[in-house]
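Participant: would you be able to build a 3D model of this:
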Amino acid sequence: MRVVELDKESKKEVLATLQKRRFGGDEEIQKIVDNIVADVRENGDEALIRLTEGLDGVKLTSDTFRVSRAEIEEAYKKVDDALIETIKKATDNIRTYHEKQIRQTFITTREDGVMLGQRITPIERVGVYVPGGRAPLSSSVLMTVVPAKVAGVDKIVMMTPPSKDGSVTPEVLVAADISGCDEIYKIGGAQAIAALAYGTETIPNVYKIVGPGNIFVTLAKKVVFGTVGIDSVAGPSEILVLADETATPEYVACDLLSQAEHDPMSSAVLVTTDKKLAKKVEKLAYEYAAKQARREIIESSLNDWGFIIVAKDMNDAVEMVNDIASEHLEILTKDNFEVMTRIRNAGAIFLGEYSCESLGDYFAGPDHVLPTCGTARFSSPLSVDEFIKKTSLISYSKEALEEAHEDIIAFAKAEKLYSHANSIAVRFGKEVTND
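Facilitator: Reported below is the predicted structural model:
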């Protein structure tokens with residue numbers, strides 16, 4: 001990890017370095033993704049069969065794309081009963097939290113015959129992508145499927161890469177079943193995103209795609225955006241811990257590693273006002289990393305993208321935190337809630353020593369699909385809002401329109417849109433053609 005004293009130059013350097021983690025800008029990978037998406041769009045199931053064998057080394061047919069009920073029942077037998085109960089508890093927590101986000105249709109009326117409102121309707125079909133690779137994320141199943149169910153989505157279709165034997169990780173299947181996923185397909189990568197966007201002979205197209213993935217998945221989501229909606233263009237995971245002299249060094253070090261172990265491009269950053277804490281955390285981070293099964297990933301992440309930033313005071317520290325706009329932010333200070341009120345940019349904020357990031361990843365209830373790479377400056381966590389549409393409702397009586405019609409005509413004429421003006425004027429025995 002690089003230890004830096006915070007000043008104008010070091011701030012600029014840190015921010016520039018962290019921004020290099022963004023997905024995109026790799027023309028060769030983009031070409032590969034473009035070709036995969038085009039192939040699936042044009043050739044459907046045949047392309048999926050060919051790509052899955054070529055890229056994943058798994059031979060599937062159109063008849064074996066979809067996970068069967070028998071496979072799901074078999075998965076339950078392979079998962080520990082205690083873990084199944086934990087998944088159920090986590091599902092309940094996630095559902096309860098997201099139910100508080102439900103929006104209601106509203107209508108307002110006036111005595112002159114005006115009715116205005118907003119109608120809320122769930123998206124009919126949604127695709128959920130769940131990564132495989134280094135760590136099949138059954139928790140991500142819950143965090144994407146449950147909000148969609150709460151929103152009232154009619155059909156939820158999940159894509160996840162198959163193992164070499166053509167199976168899907170049992171924990172992922174159990175989580176999908178418990179959370180209420182409707183269909184599960186053994187397809188991964190950019191080809192899965194293309195199948196969801198355009199549909200194939202076997203796989204139904206959807207209207208929106210959500211969920212994290214690698215650079216191929218992320219770039220594919222960018223390609224199909226417009227044909228379908230997407231949640232975000234996410235980058236590698238990240239954590240930022242904001243701490244003062246009251247923080248426990250062991251907790252800080254372990255929490256930094258909890259995100260560093262995701263991927264070599266994951267970022268772990270400590271911003272602190274205490275030099276002693278900075279030195280202890282740096283030492284402890286590598287000591288803990290040496291004992292971990294994913295040591296190489298962790299150390300690569302820490303060496304390439306890890307920073308310990310020492311600020312002269314909490315004001316400078318908070319400013320740096322807001323500039324980084326991290327996906328996960330832990331606040332470990334003597335007055336956590338006061339500091340929290342000064343934070344404007346973060347995907348999720350964890351307050352206090354017993355609210356570590358791992359709690360949010362699995363169990364607390366708020367969604368763990370969060371904005372990364374500084375996009376927390378303008379983006380929000382995955383929520384029920386991602387799975388609904390808002391439709392405006394407008395109804396005017398003749399009397400109400402007559403009261404407003406001269407204003408509308410004047411506005412339209414000011415924009416030189418005379419047919420707009422005329423569509424109002426004709427209702428009151430007038431005609432507008434030009435100035």
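Participant: just checking, Lys155 touches Pro204?
Facilitator: Yes - with contact defined as CB atoms under 8 Å, Lys155 reaches Pro204; the gap is 7.3 Å. Every residue, glycine included, has its C-beta placed from N, CA and C.
Participant: shared neighbours of the two, anything?
Facilitator: Common neighbours of Lys155 and Pro204, using CB atoms under 8 Å, 6 or more residues apart in numbering, are 125, 183.
Participant: is the spatially closest residue to Gly211 that is not a sequence neighbour in a bridge, and if so with what?
Facilitator: Closest residue to Gly211 apart from its sequence neighbours, by CB to CB, 6 or more residues apart in numbering: Tyr129 at 3.7 Å. Here Tyr129 sits in beta bridges with Met159, as judged by DSSP bridges.
Participant: contacting residues for Tyr129?
Facilitator: 158-160, 192-193, 196, 209-213, 217.
Participant: need the contact list for Gly132.
Facilitator: With CB under 8 Å, 6+ apart, Gly132 has these contacts: 160-163, 169, 188.
Participant: whichever of those residues end up buried, select them in PyMOL.
Facilitator: Buried subset of the contacts of Gly132, written as a PyMOL selection, criterion 16 or more other CB atoms under 10 Å:
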select buried, resi 160+161+162+169+188
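Participant: still on that earlier bit, any idea how far the residue nearest to Gly211 lies from Val224?
Facilitator: Computed as CB to CB, to the nearest Å, the Tyr129 to Val224 distance reads 12 Å.
Participant: what does the pLDDT read for Arg134?
Facilitator: In this prediction, Arg134 carries a pLDDT score of 62.
Participant: coming back round to it: what do Tyr129 and Val224 both touch?
Facilitator: Contacts common to Tyr129 and Val224, judged by CB under 8 Å, 6+ apart, are 193, 196, 209.
Participant: neighbours around the residue nearest to Met115 when sequence neighbours are not counted, how many?
Facilitator: Distances taken as CB to CB, 6+ apart place Ser395 nearest to Met115, at 4.0 Å, with adjacent residues excluded. Residues contacting Ser395 under the criterion other CB atoms under 10 Å number 12.
Participant: what distance do you get for Ser395 to Gly127?
Facilitator: Counting by CB to CB, the gap from Ser395 to Gly127 is 35 Å.
Participant: tabulate the shared contacts of Tyr129 and Val224 (TSV), appending pLDDT.
Facilitator: As requested, the shared contacts of Tyr129 and Val224 are arranged in TSV below (pLDDT from 0 to 100):
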residue	pLDDT
Ile193	98
Leu196	98
Ile209	97
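Participant: dihedrals phi and psi, Val114?
Facilitator: Note on Val114: its backbone torsions stand at phi -90, psi 130 [degrees, to the nearest 10].
Participant: right, and it touches Tyr396 too?
Facilitator: Yes - counting by CB under 8 Å, Val114 does reach Tyr396; the two are 5.5 Å apart.
Participant: one step back: could you check the pLDDT of the residue nearest to Met115?
Facilitator: Confidence score, pLDDT, at Ser395: 97.
Participant: now the strands for this protein?
Facilitator: Under the criterion DSSP state E, strands of the chain are mapped to 2-5, 106-109, 115-122, 125-129, 155-159, 183-185, 208-210, 229-230, 238-243, 267-272, 307-310, 328-332, 348-351, 388-395.
Participant: just want the angle from the fourth one to strand 155-159.
Facilitator: On the basis of axes from the mean of the first three to the mean of the last three CA atoms, to 10 degrees, strand 125-129 is oriented at 20 degrees to strand 155-159.
Participant: gap between the two ends of stretch 327-341?
Facilitator: The first and final residues of stretch 327-341 sit 17 Å from each other (CA to CA, to the nearest Å).
Participant: residues in contact with it?
Facilitator: 237-244, 246-248, 251-252, 255, 259, 314, 318, 321, 343, 346-353, 355-357, 360, 370-372, 376.
Participant: among those, which ones are buried?
Facilitator: For those, buried by 16+ other CB under 10 Å: 237-244, 247, 251-252, 255, 259, 314, 318, 321, 343, 346-350, 353, 356-357, 360, 370-372, 376.
Participant: please save the CA atoms from stretch 37-45 in CSV.
Facilitator: Output of stretch 37-45 as CSV, limited to C-alpha atoms (Å, rounded to 0.1, in the frame of the first residue of the first chain):
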residue,chain,number,x,y,z
VAL,A,37,-23.0,-9.4,-29.0
ALA,A,38,-23.5,-9.3,-32.8
ASP,A,39,-23.0,-13.1,-33.1
VAL,A,40,-25.7,-13.8,-30.5
ARG,A,41,-28.1,-11.2,-32.0
GLU,A,42,-27.8,-12.8,-35.4
ASN,A,43,-27.4,-16.5,-34.6
GLY,A,44,-29.2,-17.0,-31.3
ASP,A,45,-28.9,-20.4,-29.6
